[in-house]
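# Sharing a model that was predicted from the sequence below.
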Amino acid sequence: MKRILSYLLAIALLLPGFINYKGLKDGSIDVTNRQSNFQAQNDGGIEIVARRPYIKRGEIGVLAIKVAPGSNCRIIASYKINGRDYSSVRNLVAGKDGNLLCTWKVDEKTDTGTYNIDITCGASSVVTTYSVQ
């Protein structure tokens, strides 16, 4: 049930950006070039399907990735509150189709800036970023 709710939440958050060209143009939703990432997926890599690179305090962050089916993934998001470094760790398992959805809420007290998200699935690893405004 938790997985279904998170998928529905992601669809609700991402769908308006896909329909609304302005959302894609201003960078509120970043859809990566799936053609170039498809090769990495075939080599056992991690493909970032969609993400919200700019998130306002109090909003929900979304990261959708594609990996090998059933992969155990560790997602570490870093952030700062009052200048002190923190990180949040999520251990997730990809579905039978290899899709994985990670959502998180950015705290109202989070400092503005750009932060890393480290994604590790098996032997593959990738780093992406998100910005808090």
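Okay, I see it. Numbering: from 1, shown residues only.
# Show me what the helix or strand containing D85 is packed against.
Secondary structure assignment for D85, by DSSP states H and E: strand 84-93. In terms of contacts (3 or more C-beta pairs under 8 Å, 6 or more residues apart in numbering; DSSP states H and E), strand 84-93 is packed against strand 72-81, strand 99-105. Glycine gets a C-beta too; all of them are placed from N, C-alpha and C.
# on contacts alone, who are the packing partners of the longest one?
Same thing as strand 72-81. strand 60-66, strand 84-93, strand 99-105, strand 113-121.
# residues in contact with the strand holding D85?
70-80, 100, 102, 104 (C-beta atoms under 8 Å, 6 or more residues apart in numbering).
# do that again at 10 Å, thanks
Residues outside strand 84-93 that contact it (C-beta atoms under 10 Å, 6 or more residues apart in numbering) are 3, 6, 63, 65, 67, 69-80, 100-104, 107, 110-111, 115-119, 121.
# buried subset of these?
Among the contacts of strand 84-93, those that count as buried by neighbour count (16 or more other C-beta atoms under 10 Å) are 63, 65, 67, 71, 73, 75, 77, 79, 100-104, 110, 115, 117, 119, 121.
# I'd like to know which of the helices and strands packed on strand 84-93 lies nearest to I55.
strand 99-105 (9.0 Å; C-beta to C-beta).
# one step back: which positions in the strand holding D85 come out as buried?
Buried-residue list, strand 84-93, by 16+ other C-beta under 10 Å: 90, 92.
# Pairing partners for that strand, with directions?
When pairing is defined by DSSP bridges, strand 84-93 lines up against strand 72-81 (antiparallel).
# quick check: angle from the partner strand to strand 60-66?
Here strand 72-81 points in a direction 150 degrees away from that of strand 60-66 (axes from the mean of the first three to the mean of the last three C-alpha atoms, to 10 degrees).
# Using PDB, write out every CA atom in strand 72-81.
C-alpha atoms of strand 72-81 as PDB (Å, rounded to 0.1, in the frame of the first residue of the first chain):
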ATOM      1  CA  ASN A  72      18.700  -3.000  -3.200                       C
ATOM      2  CA  CYS A  73      19.400   0.700  -3.400                       C
ATOM      3  CA  ARG A  74      20.700   3.200  -0.800                       C
ATOM      4  CA  ILE A  75      19.800   6.800  -1.400                       C
ATOM      5  CA  ILE A  76      21.600   9.400   0.800                       C
ATOM      6  CA  ALA A  77      20.400  13.000   0.500                       C
ATOM      7  CA  SER A  78      22.500  15.700   2.200                       C
ATOM      8  CA  TYR A  79      21.200  19.000   3.500                       C
ATOM      9  CA  LYS A  80      22.000  21.800   6.000                       C
ATOM     10  CA  ILE A  81      20.100  23.300   8.800                       C
END
